[in-house]
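Participant: here is my input; please provide its structure:
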Amino acid sequence: MKERTAIERISEMEEILDRASAVLDGLEEKLEEFEQIQSDIRRLETYYTGKDWKKDLKLDESGKLPEDLKRGVLSEDGIYDLLEKNKELLLRTGNGEEA
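Facilitator: Numbering: from 1, shown residues only. Here you go, the predicted structure:
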């Protein structure tokens, strides 16, 4: 087996450095966004567990909301799944408490 040259090693390591730097920079940016969205997620959870969500759902079920109104927030599974995913990611990043 032939030994790699210094140029081959350096080139390979340079590629790894470039890829890793790009990934880490992107991750850092996304983590900042994740941290910043937490207050909005808490507001969403308060809405979902409070009276307003139930009132809004009844309005929708009785046909009192405009047909063209985006209403994914009234999907029980949509909010629940998002809140669970958020909890999992908080734990993964060390920002949440163990259950």
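
Participant: select the longest helix from the protein.
Facilitator: helix 6-49 (DSSP state H).

Participant: packing partners for it?
Facilitator: Contacts defined by 3 or more CB pairs under 8 Å, 6 or more residues apart in numbering; DSSP states H and E place helix 6-49 against helix 76-92. Backbone N, C-alpha and C define where each C-beta goes, glycine included.

Participant: which neighbouring elements make contact with the helix it packs on?
Facilitator: Here helix 76-92 touches helix 6-49, going by 3+ CB pairs under 8 Å, 6+ apart.

Participant: need the residues that contact the lowest-mean-pLDDT helix or strand in the chain.
Facilitator: Least confident element among the helices and strands of the chain, by mean pLDDT, DSSP states H and E: helix 76-92 (a mean of 95). With contacts defined as CB atoms under 8 Å, 6 or more residues apart in numbering, helix 76-92 is touched by 34, 38, 41, 44-45, 48, 53, 72-73, 96-98.

Participant: which SSE is Lys55 in?
Facilitator: According to DSSP states H and E, Lys55 maps onto helix 51-61.

Participant: between that helix and helix 76-92, how big is the angle?
Facilitator: In terms of direction (axes from the mean of the first three to the mean of the last three CA atoms, to 10 degrees), helix 51-61 departs from helix 76-92 by 150 degrees.

Participant: send the alpha carbons of helix 51-61 over as PDB?
Facilitator: In PDB, the C-alpha atoms belonging to helix 51-61 read as follows (Å, rounded to 0.1, in the frame of the first residue of the first chain):
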ATOM      1  CA  LYS A  51     -59.900  28.300  27.100                       C
ATOM      2  CA  ASP A  52     -59.200  30.200  23.900                       C
ATOM      3  CA  TRP A  53     -58.200  27.100  21.900                       C
ATOM      4  CA  LYS A  54     -61.300  25.300  22.900                       C
ATOM      5  CA  LYS A  55     -63.500  28.300  22.000                       C
ATOM      6  CA  ASP A  56     -61.800  28.700  18.600                       C
ATOM      7  CA  LEU A  57     -62.200  25.000  17.900                       C
ATOM      8  CA  LYS A  58     -65.900  25.200  18.600                       C
ATOM      9  CA  LEU A  59     -66.200  28.200  16.300                       C
ATOM     10  CA  ASP A  60     -64.500  26.200  13.600                       C
ATOM     11  CA  GLU A  61     -66.600  23.100  14.100                       C
END
